[in-house]
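# Pasted the sequence and its predicted model underneath.
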Amino acid sequence: MRVAAFAGLMLAVAAASGAGDAGLRVQEMYVRSSAKAPPASDRQRFDFLVFYASGAAYRGDASLLTNESLRKDLGTYKAVGDDIRIRWPGSKTEVMRRRGERLSGAAGTRWQRLPKVNGLRLHGTYAIAARTAEPVWINFGSDTTFWDQGVIRRAANLEVLERGVPAPQGGGGTYSLAEYTLTLSYAGGPAAKMFFCILPGERDLARPKRLVVSTYLFELKQ
């Protein structure tokens with residue numbers, strides 16, 4: 001899976017949202033129900049379904065996404081009652097049925113809506129579920145502070161931050177959450193944005209048992 005490509009997609013979405021670009025503003029995002037399976041020993045696959053405010057739709061596992069291919073691979077959707085009709089590139093039309101927080105599609109596929117996390121304050125320490133040579137974890141404080149150990153370089157796969165500042169191996173600062181974007185602002189100025197989501201079924205969004213940073217699954221340390 002090309003992690004950098006997926007990071008590029010979500011950075012584009014975050015930048016567009018911040019600039020008020022309705023074309024890339026996320027209306028709803030879903031994940032396939034298979035994502036609730038136990039984590040794989042290396043990295044778990046996540047299939048996402050994204051509906052944008054402009055009427056565009058995207059579906060994919062983030063393996064081949066870039067800023068340019070995002071626009072090429074977009075379909076269009078229209079809600080008709082409980083049905084969502086999606087026309088994908090190549091004139092293929094798919095009909096999904098809305099059932100509360102879930103969507104059901106062709107061939108028995110099931111999708112669950114991801115909660116938006118605007119302004120959410122997390123509390124807890126999360127370790128990467130994949131096997132790594134060195135510990136990778138991040139601590140979130142309810143006062144919006146964080147301490148990162150290897151997340152930027154290992155999970156987000158970022159070697160440099162904004163303005164070409166080298167990414168630290170670890171460090172602290174403040175964080176913020178907006179829709180599906182996590183921003184880590186390190187002490188001293190550099191900041192990094194990456195995809196973030198809490199998987200469906202969590203009762204305590206401030207202290208979920210599992211969350212996704214970039215394309216990696218993280219689990220709450222007890």
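Yep, that arrived. Numbers count the residues shown, from 1 in each chain.
# Could you list everything residue 95 pairs with in the sheet?
Counting by DSSP bridges, residue 95 is bridged to residue 85.
# neighbours around residue 221, how many?
Neighbour count for residue 221, taken as other C-beta atoms under 10 Å: 10. (Glycine included, C-beta is placed from N, CA and C.)
# Now do residue 92 against residue 98, distance only.
20 Å (C-beta to C-beta, to the nearest Å).
# Neighbour count for these two, which is higher?
For residue 92 versus residue 98, the count of surrounding residues by other C-beta under 10 Å is larger for residue 98: 16 against 9.
# ok, the more buried one - contacts?
79, 82-84 (C-beta atoms under 8 Å, 6 or more residues apart in numbering).
# at 10 Å instead, please
28, 79, 81-84, 104, 111, 113 (C-beta atoms under 10 Å, 6 or more residues apart in numbering).
# now the helix or strand where it lies, how far from the chain's geometric center?
Secondary structure from DSSP states H and E places residue 98 in strand 92-99. Computed by C-alpha atoms, centre = their mean, to the nearest Å, the chain-centroid distance of strand 92-99 equals 22 Å.
# For the helix or strand following it, which outside residues touch it?
Where DSSP H and E defines the elements, the next helix or strand beyond strand 92-99 is strand 102-104. Applying C-beta under 10 Å, 6+ apart, the contact partners of strand 102-104 are 28, 30, 32-33, 49, 51, 82-84, 95-98, 109-113, 200.
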